[in-house]
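Participant: Return a 3D structure for these sequence lines:
(chains A, B, C, D, E, F, G and H, ligands or ions: 12)
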8 protein chains.
Amino acid sequence: GCAKVDLQRESRVGYPEVIYCSGKTAEQVKAILEAMLERDSNILATRVSLELFEEIREICPDALYSPLARVVAIKRKKVEVPSSYIAVVTAGTSDLPVAEEAALTAELFGNRVERIVDVGVAGVHRLFANLEAIRGARVVIVVAGMEGALPSLVGGLVDKPVIAVPTSVGYGASFHGLSALLAMLNSCSSGVCVVNIDNGYGAGYIASMINQL
Amino acid sequence: GCAKVDLQRESRVGYPEVIYCSGKTAEQVKAILEAMLERDSNILATRVSLELFEEIREICPDALYSPLARVVAIKRKKVEVPSSYIAVVTAGTSDLPVAEEAALTAELFGNRVERIVDVGVAGVHRLFANLEAIRGARVVIVVAGMEGALPSLVGGLVDKPVIAVPTSVGYGASFHGLSALLAMLNSCSSGVCVVNIDNGYGAGYIASMINQL
Amino acid sequence: GCAKVDLQRESRVGYPEVIYCSGKTAEQVKAILEAMLERDSNILATRVSLELFEEIREICPDALYSPLARVVAIKRKKVEVPSSYIAVVTAGTSDLPVAEEAALTAELFGNRVERIVDVGVAGVHRLFANLEAIRGARVVIVVAGMEGALPSLVGGLVDKPVIAVPTSVGYGASFHGLSALLAMLNSCSSGVCVVNIDNGYGAGYIASMINQL
Amino acid sequence: GCAKVDLQRESRVGYPEVIYCSGKTAEQVKAILEAMLERDSNILATRVSLELFEEIREICPDALYSPLARVVAIKRKKVEVPSSYIAVVTAGTSDLPVAEEAALTAELFGNRVERIVDVGVAGVHRLFANLEAIRGARVVIVVAGMEGALPSLVGGLVDKPVIAVPTSVGYGASFHGLSALLAMLNSCSSGVCVVNIDNGYGAGYIASMINQL
Amino acid sequence: GCAKVDLQRESRVGYPEVIYCSGKTAEQVKAILEAMLERDSNILATRVSLELFEEIREICPDALYSPLARVVAIKRKKVEVPSSYIAVVTAGTSDLPVAEEAALTAELFGNRVERIVDVGVAGVHRLFANLEAIRGARVVIVVAGMEGALPSLVGGLVDKPVIAVPTSVGYGASFHGLSALLAMLNSCSSGVCVVNIDNGYGAGYIASMINQL
Amino acid sequence: GCAKVDLQRESRVGYPEVIYCSGKTAEQVKAILEAMLERDSNILATRVSLELFEEIREICPDALYSPLARVVAIKRKKVEVPSSYIAVVTAGTSDLPVAEEAALTAELFGNRVERIVDVGVAGVHRLFANLEAIRGARVVIVVAGMEGALPSLVGGLVDKPVIAVPTSVGYGASFHGLSALLAMLNSCSSGVCVVNIDNGYGAGYIASMINQL
Amino acid sequence: GCAKVDLQRESRVGYPEVIYCSGKTAEQVKAILEAMLERDSNILATRVSLELFEEIREICPDALYSPLARVVAIKRKKVEVPSSYIAVVTAGTSDLPVAEEAALTAELFGNRVERIVDVGVAGVHRLFANLEAIRGARVVIVVAGMEGALPSLVGGLVDKPVIAVPTSVGYGASFHGLSALLAMLNSCSSGVCVVNIDNGYGAGYIASMINQL
Amino acid sequence: GCAKVDLQRESRVGYPEVIYCSGKTAEQVKAILEAMLERDSNILATRVSLELFEEIREICPDALYSPLARVVAIKRKKVEVPSSYIAVVTAGTSDLPVAEEAALTAELFGNRVERIVDVGVAGVHRLFANLEAIRGARVVIVVAGMEGALPSLVGGLVDKPVIAVPTSVGYGASFHGLSALLAMLNSCSSGVCVVNIDNGYGAGYIASMINQL
Ligand SMILES: Nc1ncnc2c1ncn2[C@@H]1O[C@H](COP(=O)(O)O)[C@@H](O)[C@H]1O
Ligand SMILES: Nc1ncnc2c1ncn2[C@@H]1O[C@H](COP(=O)(O)O)[C@@H](O)[C@H]1O
Ligand SMILES: Nc1ncnc2c1ncn2[C@@H]1O[C@H](COP(=O)(O)O)[C@@H](O)[C@H]1O
Ligand SMILES: Nc1ncnc2c1ncn2[C@@H]1O[C@H](COP(=O)(O)O)[C@@H](O)[C@H]1O
Ligand SMILES: [Mg+2]
Ligand SMILES: [Mg+2]
Ligand SMILES: [Mg+2]
Ligand SMILES: [Mg+2]
Ligand SMILES: [Mg+2]
Ligand SMILES: [Mg+2]
Ligand SMILES: [Mg+2]
Ligand SMILES: [Mg+2]
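Facilitator: Ligands and ions are numbered 1, 2, ... in the order given. Prediction:
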């Protein structure tokens, strides 16, 4: 076959393998899915186009799809959900797809998520109006494009780990997210760590790990 | 004065401000130090040359110095230490200064640290021989230069958050740590997040936050 | 004409010229093909779209096509095949097209090929389960995108030359394969050399040279 | 001679030529200075080492030197000073040399300057404590290294033009100021424009122009 | 909702929020627009495709559209216009869309604008023939792609602030505007500051601020 | 109008302005063309799509078009042609469009051109077989993509100026022609100068200047 | 200790571990050396300064040093040497240190080496005068800086694998070897693979592996 | 020996080999020099430190040295000098070393040179004041750092080939000459070609070739 699905991953690292659909044919995705469906774990697929989702639904009618996050979730197993929650903070409206990928990942893996949207640094009073919700979280995901300044600001205001997600939102010298990525890596606030550009999934995953410690 | 020391940071984010000494004159560092010494918190200064340490010791005889990590620690306050520990895993001998900056930061902030050195991917049996110590940690810091492959490997073997620290160890196409940084950002293992090149301090800080949740 | 087909290449370097079809018109490709078909050597064309293959088939009905590898092979001459083999190791499912370009190139040039797929570092037990097949080869091709860590791992486990092929699989800070390329160039394992991003053909070619020494 | 001093610049663009000393020999600098001293305009020289200043002082005993800003100022002419002022806002202590180059340039060119230091985004209350002084200015210079987030924040809080100056303060992925530069160019706050990395002089110059409109 | 429209921005920084439409769905844009229409400020939307404009016109029939600048303007409030003007200077015909975005922004925000087109450095007599109109302005916007030389030339000829806008016009080593951007940041003329590649809007905004001081 | 056609360029620099059509609308191109047609100089337009050519032909039926070079030539004036010639040397078949843009430019400007195609360094005997034709030229244009090695080789074999044209032919680490560009700039052969990636026009222009000295 | 010397590497991959001395203290190097000296394998240390060598000689008087290659070799074991040889081909005099690192590595690991120096493409007759020696080798190492063209040329003339080593020789747009590296990765000759900039050691190692197959 | 001096180069390409001294030991330089001194051609050595010159003078007392250009010239043969001349135009005082390397190269190779210094675009009247001298040349070398705008301006004013030399003069976003290099490659003036950053020698060489056609 085209893949060796890592079926023992759940026992090894606590979570099942996740299907990254970009660059895979529908046939390949369905083959991997079928191997995973034989076990009763929850399944997450990312970077799923609407067309691909329609093919998936044929073999798996209970699959759920978020067109905003381009994510498919298949819930087959009850997961224990801790009482603490993850805050997903978004700088601007255009960053929502990445933020939603993070939020849905965290929710599927058994976490409560609080979404705080459109609180970028250009109008900082919006952030302060939402500070309580952010400070109440056990771990904070901050999603921002362009100059990527929001994680630094949040990092200086909370005493919890901040997962910064740069997005490719912007143009010109944003160089497809490079600008936000570099800013986040150079954050003068401590307590900030960074995942790949547009990697909402990765942020949701590690935040889930931390929330469930 | 040259600085507004953020004296309320400890109450706001849980840790006191830390002095980043690179690009500051000895006078500036000492002025900042004196403002901080008036309060009885623990103090950390990073990127400290031996000459600078000697100046610091004059105003603060109980300052401790690690020439390997180039870090000064001043312990003035007892900190509660949780029973769980942080593993600091190093790929090669040349990465030790960065790893030690991480370890000392975590220790000063009240954590037990387990050091696992020189277990890079070129001789992977060395990693497996130390897997138990790594898996026992609550959070894992992985320090690597050159191709920066070790965090991916560790990330696939543990069910705890991995903080990846790229180092500038290497030459030619390592481009002063860029190679390791990019590798870590693109990790195919989930559960890995990244801090700046050579930023041992930042890794120790966030690991401490997570260990103390 | 638009090209000076290097018809004496086979006698000079041991292999016939290969047609790189990207950026060439169908007319140009067919003109080159016809010049080569006059001699009875085997012919390889790479980066062939399905449309182009259909045009090629008209003038050459025995042409074979792999839609996965986007390669056309025309076998006109028996080639001696050594008993030793080449291992083609793939990190993930999305890297298969590049791996298959390598494998088919090596096979057309007279080599036995062993394919080992989807054994990336995120689930390293899959690699160990296939180590015997890899160690049995005379030369090993390793194909990986994203952080490009697999060649370092393989290089530390085998005593044979490793040809590393970075792929453009990934997004964000993978920068179209730059991340994997830099990682492979900086491998801390010795015995690893590197070809261009997505250059399965080049890897198959040099592996064939080495296998036939 | 080695230079064609642009002696008519003052009448053409309102300010005399300024001597950029980096990469010039002491002989070249002194030759240029002597040509300028023949006219009674004020003179500014930037990137001046202490050694060079000592040579300058020999031919021009009233020359003033700032070792922090590495700037020489020679005041020969009264300049009219408007009542409005320029705010020079600094993110961190290590950015002070660049900020001071800006402030001294503006002062020599006939402006009142208000300095607000060490108010970076990691402790945002420090900025709010100084907001009145910033909002009172006619034009604001913001100097920051690392992630360069401060201009975005200030830009969202004032209704005056913001001149952003990235500095080379930082390490690793700051890439000698590239990180801060990109962040500032991608500011999501309107009303922010940018000068070269470490170009305090250029910021002081354009702020002076705006303050004197 | 998907956005927290910054409705108090006008009172805080003097201008209403502006809608950046790239990467937003028509639904999102219209939701933001409706929130803003409830107050009687002027509205600007940038990066608007013809399709999007047609959707906007349905809820707002008095919206005006420039297909060249891809800008929508909705005028609901009289703005005071100072007697001084802004010059918008364009290097080549291909830079016109960006220049027009700048000019329309400035006009909507209450400024007189003088357009001087196609006066790039390859035929410098065209610039001199228009120098009077440029020198008469209170602030000058200079828009150029390729080598981005025009702002340096203009900066050496006028005694007013120059806002330089690099464009992505060019090919090959222009790297989508990087060449022009770097040139402008390194201008040997003082009095030049820079905004993002293709950011006509940002240039119009800050020029308006300066013109209305 | 949208353009200030530089009608005096011919008297100033010896050649008429040339229309660069990329990023211009058909209306803009035709307006410029009509201004130029009023004078009886020869006209060259580059980067012309087939659709644009069809619009041009309507207002100018004697316009000639090369679909390979994407160039339109309108010959209205006899030009004196020197007896010496320009050699246009091409590394591979895929470089032909750029080479042809160079050759047609030179021919329209009044030069004899000798084309030598597909003599790249991978089969160097092809170059030696054509050396006489190359050595006979007064100036040599060398067009190559990928590793861009051919100009160095030619530069070491002829005693005439070599104009090197990097092309964007290649993939992966060719980075759209950057690889060839850097190679040519670093040529260890003296007598080589370089124009922009894919700039056949620029190479033809300067070669024409040199041939007509 | 600071290192886990990989003492079983020789049995696993056929060669003992090699000490990369850059970024290690003399104490660390000597500790590693002493662990290795307890077994009777041959030892190689690279990037060794003269000062470090003098410290090494104290604990190991039979250590040999090449100041050109900055390599230390300690021969304790007879190695079988095949009759075939490795050619090490150098483009220019300044590339000699890297070439010598390759040659000495290959010799210590039990290979005959033929050195061919200063045959860069600017004077290609020098290469042809040495072609026989190159063609007689079983594997060819080609070392070049600046435009890195030589491996392509050699690759088109021999029927053996070519290991290309880019060097940091050059200035300006060579970007410390990037130019040569990119050129070699994009070689239009097949049969060329690449190691890191200045990595003579790596080239010697893999060439040895191939020569001993 | 360490070098194969290309003694037949003069007969092949018209000029003797030139010694590039950077990265060569004094011994290597002297060995090459001695081989060349046996023939009675003129000798040029570039990138020569004062120390190296002193060693050269010992074996060659008639060697001349320019500390500004860091060039050694040994004149042993009369060269015919054409009546036409080369203009070497410099943007700023800091660019003089590169300009002088170009001028001295051209003079040694038998050309009259006219130097026009410090006529950068920030004070364009200085250029116009020297236009006659520039227009009188047969070929023009233009040397500029920072934004590298001068070649475009000159290219639009003369009807002769322009050789553009970017210099590493500048700081911050000049990236060691990259900014000037990109600007020159993207020149909107035709008739401009480019050599490597700081490559005065290469510009002088090709200008000499053109002047002697
Ligand atoms: N959007 C995503 N971004 C990064 N990694 C992902 C994403 N979705 C899934 N993954 C990871 O990619 C792995 C699958 O890789 P593959 O073997 O190529 O299918 C999964 O196990 C996840 O760890
Ligand atoms: N996929 C490929 N990647 C890199 N090089 C290739 C590829 N396919 C063919 N080639 C090489 O490119 C040469 C043809 O180049 P050209 O003259 O442009 O047709 C062949 O002789 C091969 O050496
Ligand atoms: N293919 C081309 N590449 C580079 N420059 C060109 C090209 N075609 C025309 N040009 C130049 O671009 C100028 C026109 O620029 P513009 O004013 O934007 O139309 C012409 O006068 C030529 O000097
Ligand atoms: N300053 C310079 N910049 C670039 N190339 C140079 C320079 N000086 C000499 N050269 C060239 O480098 C060659 C010598 O290279 P090498 O064999 O390394 O000594 C000479 O023949 C010249 O073509
Ligand atoms: Mg918003
Ligand atoms: Mg080790
Ligand atoms: Mg997989
Ligand atoms: Mg501070
Ligand atoms: Mg024009
Ligand atoms: Mg070909
Ligand atoms: Mg040489
Ligand atoms: Mg000057």
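Participant: What confidence value was assigned to the residue in chain A that ligand 2 sits nearest to?
Facilitator: Proximity of chain A to ligand 2 (CB to the nearest ligand atom) peaks at residue A:23, 18.3 Å away. Placement of C-beta: from N, CA and C, glycine included. pLDDT recorded at residue A:23 is 89.
Participant: Let me know whether it touches residue C:96 as I believe.
Facilitator: No. Between residue A:23 and residue C:96 there is no contact under CB atoms under 8 Å: 9.5 Å.
Participant: For those two, indicate the residue with more neighbours.
Facilitator: residue C:96 (26 against 19; other CB atoms under 10 Å in any protein chain shown).
Participant: Residue in chain A with the shortest distance to chain F?
Facilitator: For chain A, the residue closest to chain F is residue A:175, as judged by CB to the nearest CB, at 13.5 Å.
Participant: Check what pLDDT that residue gets.
Facilitator: 98.
Participant: and residue A:116, bridged to which residues?
Facilitator: residue A:89 (DSSP bridges).
Participant: In contact with it, which residues are there?
Facilitator: A:87-90, A:130, A:133-134 (CB atoms under 8 Å, 6 or more residues apart in numbering or on different chains).
Participant: buried subset of the residues you listed?
Facilitator: Applying 16 or more other CB atoms under 10 Å in any protein chain shown to those, the neighbour count classes A:87-90, A:130, A:134 as buried.
Participant: Please identify which of those residues is nearest to ligand 8.
Facilitator: Sorting the buried ones among the contacts of residue A:116 by distance to ligand 8 puts residue A:134 at the head of the list, at 23.2 Å, by CB to the ion.
Participant: follow-up on the earlier one: nearest residue to the residue of chain A closest to chain F other than its sequence neighbours?
Facilitator: Excluding the flanking residues, the one nearest residue A:175 by CB to CB, 6 or more residues apart in numbering or on different chains is residue D:182, at 7.3 Å.
Participant: what sits against the one you found?
Facilitator: A:147, A:173-175, A:178-179, A:182-183, D:148.
Participant: my read is it is in a helix, agree?
Facilitator: Yes. Under DSSP: H, G, I helix; E, B strand; the rest coil, residue D:182 sits within a helix.
Participant: Could you check the pLDDT of it?
Facilitator: Confidence score, pLDDT, at residue D:182: 98.
Participant: From residue A:148, how far off is it?
Facilitator: 9 Å (CB to CB, to the nearest Å).
Participant: try residue A:31
Facilitator: For residue A:31, the distance to residue A:148 - CB to CB - is 38 Å.
Participant: So between the two, which is more surrounded?
Facilitator: Just comparing residue A:31 and residue A:148: by other CB under 10 Å the higher neighbour count belongs to residue A:148, 41 against 17.
Participant: can you pull the contacts of the closest residue to the more buried one other than its chain neighbours?
Facilitator: Leaving out its chain neighbours, the residue that sits closest to residue A:148 by CB to CB, 6+ apart is residue A:180, at 3.1 Å. Contact analysis of residue A:180 by CB under 8 Å, 6+ apart lists A:144-148, A:166-167, A:169-170, A:174, A:197, D:186.
Participant: burial of the residue in chain A that ligand 4 sits nearest to, as a residue count?
Facilitator: Closest approach between chain A and ligand 4, counting by CB to the nearest ligand atom: residue A:175, at 31.5 Å. Counted with other CB under 10 Å, the neighbours of residue A:175 add up to 21.
Participant: my guess is it is in a helix, correct?
Facilitator: Yes. Applying three-state DSSP, one finds residue A:175 inside a helix.
Participant: Now do it against residue H:10, distance only.
Facilitator: 48 Å.
Participant: Need the per-residue pLDDT for residue A:14.
Facilitator: 75.
Participant: dump the residue contacts of it.
Facilitator: Residue A:14 neighbours (CB under 8 Å, 6+ apart): A:209, B:159.
Participant: And the strands in chain A, which stretches?
Facilitator: A:19-20, A:43-46, A:64-66, A:71-74, A:85-90, A:112-116, A:139-144, A:162-166, A:192-194 (DSSP state E).
Participant: So for residue F:53, which of those strands sits nearest?
Facilitator: The closest of the strands of chain A to residue F:53 is strand A:162-166. By CB to CB, the value is 43.5 Å.
Participant: Can the closest one be said to contact chain B?
Facilitator: Yes. Using CB under 8 Å from any CB of the partner chain, strand A:162-166 reaches chain B at residue A:163.
Participant: what are the pairing partners of that strand, and which direction each?
Facilitator: When DSSP bridges is applied, strand A:162-166 pairs with strand A:139-144 (parallel), strand A:192-194 (parallel).
Participant: got the contact list for the last one?
Facilitator: Looking back up the chat, that one is strand A:192-194. A:151-152, A:155, A:161-166, A:181, A:184-185, B:163, B:185, B:193-195, B:202-203, B:206.
Participant: try it again with 6 Å
Facilitator: A:151, A:155, A:162, A:164, A:184-185, B:193-195, B:206 (CB atoms under 6 Å, 6 or more residues apart in numbering or on different chains).
Participant: Check the longest one too.
Facilitator: Under the contact criterion CB under 6 Å, 6+ apart, strand A:139-144 has outside partners A:86-91, A:95, A:98-99, A:102, A:134, A:150-151, A:154, A:158, A:160-165, A:180, A:203, A:207, A:210-211.
Participant: so how far is residue A:23 from the nearest residue to residue A:59 once chain neighbours are set aside?
Facilitator: Take residue A:59 and drop its neighbours on the chain: the residue closest to it by CB to CB, 6+ apart is residue A:30, 5.9 Å away. Residue A:30 sits at a distance of 15 Å from residue A:23 (criterion: CB to CB).
Participant: Within range of chain B, give me the residues from chain A.
Facilitator: A:13-14, A:159, A:161, A:185, A:190-191, A:193-196, A:205-206, A:209-210, A:213 (CB under 6 Å from any CB of the partner chain).
Participant: Just the buried residues from these, in PyMOL please.
Facilitator: Buried members of those, identified by 16+ other CB under 10 Å, are gathered into one PyMOL selection as follows:
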select buried, chain A and resi 13+159+161+185+190+191+193+194+195+196+205+206+209+210+213
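Participant: Now for residue A:79, how many residues are close by?
Facilitator: Residues within reach of residue A:79, counting by other CB under 10 Å, total 14.
Participant: same question, residue A:61
Facilitator: 7.
Participant: Now for it: which residues touch it?
Facilitator: Counted by CB under 6 Å, 6+ apart, residue A:61 has zero contacts.
Participant: Please apply the same query to the one 5 residues further on.
Facilitator: Neighbouring residues of residue A:66 by CB under 6 Å, 6+ apart: residue A:104.
Participant: Around ligand 9, pick out the residues from chain A.
Facilitator: Not one residue of chain A sits near ligand 9, judged by CB under 5 Å from the ion.
Participant: Distance of the closest residue to ligand 10 within chain A relative to residue D:63?
Facilitator: Closest residue of chain A to ligand 10, CB to the ion: residue A:23 (30.1 Å). The gap separating residue A:23 from residue D:63 is 64 Å, by CB to CB.
Participant: In chain A, what residue lies closest to ligand 12?
Facilitator: As assessed by CB to the ion, ligand 12 sits closest to residue A:173 within chain A, at 29.0 Å.
Participant: Does that residue touch residue E:196 like I think?
Facilitator: Yes. Between residue A:173 and residue E:196 there is a contact at 5.2 Å, judged by CB atoms under 6 Å.
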